[in-house]
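**Q** can you look at this prediction? I've put the sequence above it.
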Amino acid sequence: MSLSSQPDPAKLAAARAAVALVEDGMKLGLGTGSTASVMVRELAARAAADGLKLRCAATSQATAELAESLGLNVEPLDQIGWLDLTIDGADEVDPDLHLIKGGGGAHLREKIVAAASDRMVVIADPGKVVDRLGAFPLPVEVLQFGFETTRTLIRRALQAQDLGGHDVMQRLKGSDPWVTDEGNVILDLHLEAIPDAVALARALSAIPGVVEHGLFLGMCDLAIIGKSDGTVVELDRDEGIDADLLAGEGD
Ligand SMILES: O=C(CO)[C@H](O)[C@H](O)COP(=O)(O)O
């Protein structure tokens, strides 16, 4: 979003609904990405208007800089300790509120922060809602040491799950490798569909050079899906997604 342009109405609606959950004194995790950026701006505006005292842990350097520039109090996660609430975006949300994250390359910190939170709320537009995870390339953060070896081990793990033959592409920034805030690199797994996300997550986590994958399984408590008319649909983990509520959106 440029300084002069208005945020996407669906993202804004989701962000506002999530910020409405914030209470004075809360310890918050701030996500990364364009939707999370809209939320950070809304949060800063609300904190200033309502005089909220908040302590925030950011999931990326970019989010930390944005939040600080808007006057929010950003501290290292370990200085804050346990968080009340994390609000973050997602690349895909399935009917069980399992997620793919990491399109912005921040899923390692995002997962650590979400795991340190009483509640994780995801904000998204309807285009992120899917029947089954996997159309979005699955990001996997890997160590630079032994990078090609790790890629080979990932390909073998995919073959073992009948997912062989799909592209396992190194993420680039221009012609250089994309390097994460933690100094690692990213492989994007172009799988088209993930039949068994639990099995895949387990297999990827077992590979030594894999630092973290972008499958967030059982971590999201509530997804707030903003719609282009400014309304939202809230999806509790236990209730699943009512596709009718999103009819006509995200096509
Ligand atoms: O996981 C993320 C970053 O690592 C983002 O939350 C995800 O990519 C969604 O981003 P956006 O709101 O820009 O679509």
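**A** Great, that's in hand.
**Q** and the helices in the protein?
**A** Using DSSP state H, the helices found in the chain span residues 9-19, 34-50, 61-69, 77-80, 107-115, 147-160, 197-205.
**Q** as TSV, the ones you listed with mean neighbour count and mean pLDDT would be great.
**A** In short, each C-beta sits where N, CA and C put it, glycine included. Below are the helices of the chain laid out as TSV (neighbours: other CB atoms under 10 Å; pLDDT from 0 to 100):
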stretch	mean neighbour count	mean pLDDT
helix 9-19	24	98
helix 34-50	20	98
helix 61-69	18	98
helix 77-80	13	98
helix 107-115	24	98
helix 147-160	16	98
helix 197-205	17	98
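**Q** the ligand: which of these is closest?
**A** Among those, helix 34-50 comes nearest to the ligand, with 3.2 Å by CB to the nearest ligand atom.
**Q** show me what the closest one is packed against.
**A** helix 9-19, strand 27-30, helix 61-69, strand 83-88, strand 117-124 (3 or more CB pairs under 8 Å, 6 or more residues apart in numbering; DSSP states H and E).
**Q** and that helix, is it in reach of the ligand?
**A** Yes. Using CB under 6 Å from any ligand atom, helix 34-50 reaches the ligand at Ser34, Thr35, Ala36.
**Q** contacting residues for the second one?
**A** Counting by CB atoms under 8 Å, 6 or more residues apart in numbering, Thr35 makes contact with Lys11, Ala14, Ala15, Gly89, Ile123, Ala124, Asp125.
**Q** let me see the ranges of the strands in the stretch 101-250 of the chain.
**A** Along the stretch 101-250 of the chain, counting by DSSP state E, counting those that start in this stretch, strands occupy 117-124, 138-142, 168-170, 172-173, 176-177, 185-189, 210-213, 215-216, 222-226, 232-236.
**Q** quick one: strands adjacent to the first one?
**A** I take that to be strand 117-124. Applying DSSP bridges, strand 117-124 is found paired with strand 83-88 (parallel), strand 222-226 (parallel).
**Q** for Ala90, see how far away the nearest residue to Cys220 once chain neighbours are set aside is.
**A** In space, and not counting its chain neighbours, Cys220 is closest to Leu97: 4.3 Å by CB to CB, 6 or more residues apart in numbering. Here the criterion is CB to CB, to the nearest Å. By it, Leu97 lies 9 Å from Ala90.
**Q** residues of stretch 116-129 that come out buried?
**A** For stretch 116-129, a neighbour-count test (16 or more other CB atoms under 10 Å) marks Ala116, Ser117, Met120, Val121, Val122, Ile123, Ala124, Asp125, Pro126, Lys128, Val129 as buried.
**Q** alright, I will stop here.
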